[in-house]
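K.L.:
Please work out how this folds:
(chains A and B)
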Amino acid sequence: MFSEITRGLLTTLKSMTEKPVTIQYPEEKRPVRTRFKGRHILKRYDNGLEKCIGCSLCAAACPADAIFVESAENTDEKRYSPGERYASTYEINMLRCIFCGYCEDACPTEAIILGDIYELSFTDRRQSIYTKEMLIEPVGEGGKLTPQKTPPGVFTRSVPEMKNPQD
Amino acid sequence: MTKQVTLSIDGKVVSVPEGTLIVNAAKKAGIDIPVFCYHPKMEPVGMCRMCLVEIGRPLIDRATGELVREADGSPKIQFSPKLETACTTPVSEGMVVLGASEKAKAGREDILEFLLTSHPLDCPVCDKGGECPLQNLTMGFGPGQSRYLYDEKMHLAKQVPLGELIFLDRERCIQCGRCVRFQSEIVGDNVIGFYQRGRALEIISYSEPGFDSFFSGNTTDICPVGALTTTDFRFGARPWELNAAASICSHCPVGCNITINVRREAVSDGKWVVKRIMPRQNEAVNEIWICDKGRFAHHYTASPERLSTPLVRKDGKLIEAGWDEALDLAAGRFRDAGNDLLTLASGRLSNEDLFNLYHLTSSIGGKAILYSHMGGGDLTAQVGVGMGTNFADMGRETAIIIIASDLEEEAPIWYLRVKLAAQRGAQLIVINPRQTKLDRYAHRVLRYAYGKESAIILAMINAISAKKLAQTENMGKYVRNADIKQTARMIAEAENTVVLFGSEGLGLEGSQSLAQACANLLLVTGHIERANNGLIGVWPRANDQGAWDVGFRPAADLKKAMQSAKALYIAAADPAGDFPDLAETADFMVVQDLFLTATARLADVVFPAQSFTERQGSFTSGERRVQRFYPAVPSLDDCLPDFTISARVAKRMGIDQEEIHAGKVMDRIAASYPHYREISYTKLSQVNEQWPIVGRNDLYYGGTTYENSQGLGMQLLPGLQPALSELPPYDVGMPEGKLWAVPINRLYDRGQTMLPSKLLHQRIPHPYIVINSDEAEKLGIIEGDTVEMILEGVSSLVTANLDNGVPQGILLVPRSMGIPIAAPTSVTVKNVDKLLA
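P.N.:
Reported below is the predicted structural model:
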């Protein structure tokens, strides 16, 4: 009986010297793995134009029918994305999303990616709908907010020339 | 019967009539031979080379003329050294076609690789993406890789508006010429064409305004790529996101079958909205085409100005009220009015609505009046076209007479089909006081003076009939008597005769008389009760024929009728808006409409009705074909279908009517009217196999027209044969020395169902008149002047257009253009520009 108690205390003593595995979330956050699939992010080009052209292929590919897109026409006066078409509405229902990443695969402009954000909580169903404003990334350095006024004849191509992924 | 030819395609033995093209023979056998430039409605040209196949023919010994046989006795087949186009080669006996051989496949791969050398591959942003033949065939038959360099692609203009309705993307064009051929072969408006050659070839529009044709939208259906797209649907949605509902166009009496594509939209607060109107195949009605009014003028159904709740007048103001309150009030006052109730309805309503309204009115002895300026619906029900009538079947043996109608403006698809029939050899006789587009295809054109419509038909009857009918005037003043005689003989000798009469220059009395004269002509020549024989009314609204059939009749003096009524029940009509002198109200007026019209503003009770996109119903077309339409979008707010509103009023008056299911109303119609005895909703939704096959997985073949799986409709049984009428010809008697305004009809008018479609505004003219140049000179008017026209005491400012084709002393005044004109009437005009100067 005495030996059992000693063994227990020894275990306690041993673990006192070990590094703790818990972290102080949310003050402290653990990095995610390379291929982690978190909340979607809508990307921009360096100049601030949106990569999304409102083609709805992500919505077509989505097995959970979580994505809803509506598109409208760009003009050089009010340009959101290169080419003729941009997404005037872009919504993802995060309650439906199963984070499969098909939308990423379907996207012809690499506009949507499943990022590192995993903090998704909502208290009612309406909040589960993420709109374009919530999903789109902030404008980087040197870029301008959309809609932009652009010179005519420059941004005529919706789909950029792309190479096969190397990864 | 044509000779049958037996051949084998990909190992399948098929038997088709002689002269059939291989591509069609394959389609009938269910084998896909991909095409881009070939279209089953047009002549083959063999431009795209996509249909290349290997063709082998039985070898014939030249010396003996006998078939050379293999050792086993089967005929020896000799294959051509090169691939041949299946779309230009007719079948021949014993032919062996290999469409799936390695050689044929390699040929297709090469052709696709060529076609894609300059294609921008911007399918993600292309409106055709998802229903694109080039996309589908590339996936099905393409090489997967291109040997051409991306940098060498041609870069051409991408957003070229061909007019304000159609967008052209020159990069996407594969130069198949379907659009150009459609416009020249089928429509006859050569307003687009090829420019430049080879790789630099472009489609351009020659006309001003661009792509000036009523049929331009159809080119977007048959374009095998996304080169031609409509402005209306531009980036509206992807095709696979749309739901489809079968419907019938509500704009004219042709009754084109359409498909309404709908989608829920965030920009419309999550409501279902109509995104586009597409044609639906019905080879007996509209084939696979629709006109631009049908395609683009649908926005009125979703107009923000639609009525959404019942209104009741309280303290002189119309205030929103509940249905019960409004219905109780209306029913009570109708009951009190008894036989002094007047119901005024227009042919914009469905058969079910009109039946319930008529039943309600007649149950208490009231009067049911059709709001129309055109008479003769009783006669079209009696000598209307026989069952099985189809313009597509008319050829050399048929005479088609068009009188008092500019068919292109009034019923564009009939214009198209009559034109094609004339080109097949049908004897087209156009009898009109002025030049119309159909004159180009007519075998005989007769002119008369406005007001002599029935007189000229009577003159024809007298020229061939032993029994002379009363004739007051010699027509020799207007037409050579020999021409009348020859034309009459043409009609009498033709195996079949169809007469289409309109209301150009005619009011109610005139058109009724013309209808009677035309009916007489058909009776005298025996052209009734058979297919492709009979009388067709070119009505101003979609369901005027149905309104006549259930018992509505236009009133000779509408003003008097409205004044003498104690209660008015007005449905889908705006008399006060059209004719200011009809704005006086009865003691009690109920208006049931989509909009708060000028009449509705004067009403005591206003009921909000559902538009045709929100409900079920049926229309009876001018050819007396009853066709069903289905709900496409949910009802707007509190609106109800017209027949339900009527039934709920009736219920409160103790009259039993069906209020829930339109099909049950149709059952009652079938039980009440002998012509409709065979009609039921089940039968209306039956379909047969139609040729060409469209709308399945083979969009490359017929285009994006929808397949008809929801019903072809039914033609009504012929009516009782009427007696030859001795009615003296109506003569409006327009004495010279005065100016006479005569009404004409325009497709793009300023009507309530047209104006909310803003896209078409550029094509809708401002209120105008057409006047003879000499006459104008006398009045000091030059082209484009603004003139004040005083017509029956109402003054309107209109633009004057000069045209020498208009007779002296006549002003052409378009209807539904804000000018109150129903029948010919005398006018005075004053040049306002001059006064101001």
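K.L.:
Nearest residue to the residue in chain A that chain B sits nearest to in space, please, no chain neighbours.
P.N.:
Using C-beta to the nearest C-beta, the closest approach of chain A to chain B is made by A:C55 at 3.5 Å. The C-beta positions use only the backbone N, C-alpha and C, and glycine is treated the same way. Nearest non-adjacent residue to A:C55, counting by C-beta to C-beta, 6 or more residues apart in numbering or on different chains: B:P124, 3.5 Å away.
K.L.:
now that neighbour: how far from B:C132?
P.N.:
B:P124 is 12 Å from B:C132, where distance means C-beta to C-beta, to the nearest Å.
K.L.:
and the residue nearest to A:C55, how many neighbours?
P.N.:
20 (other C-beta atoms under 10 Å in any protein chain shown).
K.L.:
where are the low-confidence patches of chain A?
P.N.:
For chain A, residues meeting the criterion pLDDT under 70 lie at A:164-167.
K.L.:
can you point me to the longest strand in it?
P.N.:
Criterion DSSP state E: the longest strand present in chain A is strand A:85-93.
K.L.:
How about it and chain B, touching?
P.N.:
Yes: counting by C-beta under 8 Å from any C-beta of the partner chain, contacts between strand A:85-93 and chain B involve A:R85, A:S88, A:T89, A:E91.
K.L.:
Spell out which residues of chain A are next to chain B.
P.N.:
With C-beta under 8 Å from any C-beta as the criterion, chain A comes near chain B at residues A:53-57, A:59-60, A:68, A:70-73, A:83-85, A:88-89, A:91, A:108-109, A:156-159, A:161.
K.L.:
please redo it, this time with the cut-off set to 7 Å
P.N.:
Within chain A, the positions adjacent to chain B are A:53, A:55-57, A:60, A:68, A:70-73, A:83-85, A:88-89, A:91, A:108, A:156, A:158-159, A:161 by C-beta under 7 Å from any C-beta of the partner chain.
K.L.:
Residues in contact with stretch B:734-748: which ones?
P.N.:
With contact meaning C-beta atoms under 7 Å, 6 or more residues apart in numbering or on different chains, stretch B:734-748 is reached by B:214, B:293, B:406, B:409-410, B:412, B:450-451, B:503-505, B:540, B:754, B:760, B:763-764, B:791, B:809-815, B:817, B:821-822, B:824-829.
K.L.:
Separate out the buried members of the residues of chain A next to chain B.
P.N.:
Buried subset of these (neighbour count, 16 or more other C-beta atoms under 10 Å in any protein chain shown): A:53, A:55-57, A:60, A:68, A:70-73, A:83-85, A:88, A:91, A:108, A:158-159.
K.L.:
With just CA atoms, put the longest strand of chain A into CSV.
P.N.:
Presented in CSV, the C-alpha positions along strand A:85-93 are these (Å, rounded to 0.1, in the frame of the first residue of the first chain):
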residue,chain,number,x,y,z
ARG,A,85,-17.3,41.0,-64.1
TYR,A,86,-17.0,41.2,-60.3
ALA,A,87,-18.9,39.7,-57.4
SER,A,88,-21.4,42.2,-56.1
THR,A,89,-22.6,39.7,-53.5
TYR,A,90,-20.4,37.0,-52.0
GLU,A,91,-21.7,35.0,-49.1
ILE,A,92,-20.6,31.8,-47.3
ASN,A,93,-22.8,30.1,-44.8
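K.L.:
What strands line up against that strand, and which way round?
P.N.:
The strands that strand A:85-93 pairs with in its sheet are strand A:67-73 (antiparallel), strand A:129-130 (antiparallel) (by DSSP bridges).
K.L.:
what's in contact with the longest one?
P.N.:
Read it as strand A:67-73. A:54, A:56, A:58-59, A:84-92, A:103, B:234-235, B:265-267.
K.L.:
related to what we said a few turns ago, residues touching the residue of chain A closest to chain B, list them.
P.N.:
Applying C-beta under 7 Å, 6+ apart to A:C55 gives the contacts A:P108, B:P124, B:V125.
K.L.:
can you list these in a markdown table and add distance to B:V225?
P.N.:
Converted to a markdown table, the contacts of A:C55 look like this (distance: C-beta to C-beta, whole Å):
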| residue | distance to B:V225 |
| --- | --- |
| A:P108 | 18 |
| B:P124 | 15 |
| B:V125 | 14 |
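K.L.:
and which of the residues you listed is nearest B:I461?
P.N.:
B:V125 (61.9 Å; C-beta to C-beta).
K.L.:
The closest one reaches A:E84, doesn't it?
P.N.:
Yes: B:V125 is in contact with A:E84 according to C-beta atoms under 7 Å; the separation is 5.7 Å.
K.L.:
Which neighbours do the two have in common?
P.N.:
A:S158.
K.L.:
one step back: would you list the strands paired with strand A:85-93 in a markdown table and tack on distance to B:R108?
P.N.:
Listed next are the strands paired with strand A:85-93 as a markdown table, based on distance: least, C-beta to C-beta, whole Å:
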| stretch | distance to B:R108 |
| --- | --- |
| strand A:67-73 | 33 |
| strand A:129-130 | 45 |
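K.L.:
neighbours around B:Q423, how many?
P.N.:
14.
K.L.:
What distance do you get for the nearest residue to it once chain neighbours are set aside to chain A?
P.N.:
Closest residue to B:Q423 apart from its sequence neighbours, by C-beta to C-beta, 6+ apart: B:Y441 at 6.5 Å. For B:Y441, the distance to chain A (C-beta to the nearest C-beta, to the nearest Å) stands at 40 Å.
K.L.:
Might one say that B:Y441 is in contact with B:A422?
P.N.:
Yes: the criterion here is C-beta under 7 Å, and B:Y441 meets it with B:A422 at 4.2 Å.
K.L.:
Residues in contact with both of those two, list them for me.
P.N.:
Common neighbours of B:Y441 and B:A422 (C-beta under 7 Å, 6+ apart) are B:L428.
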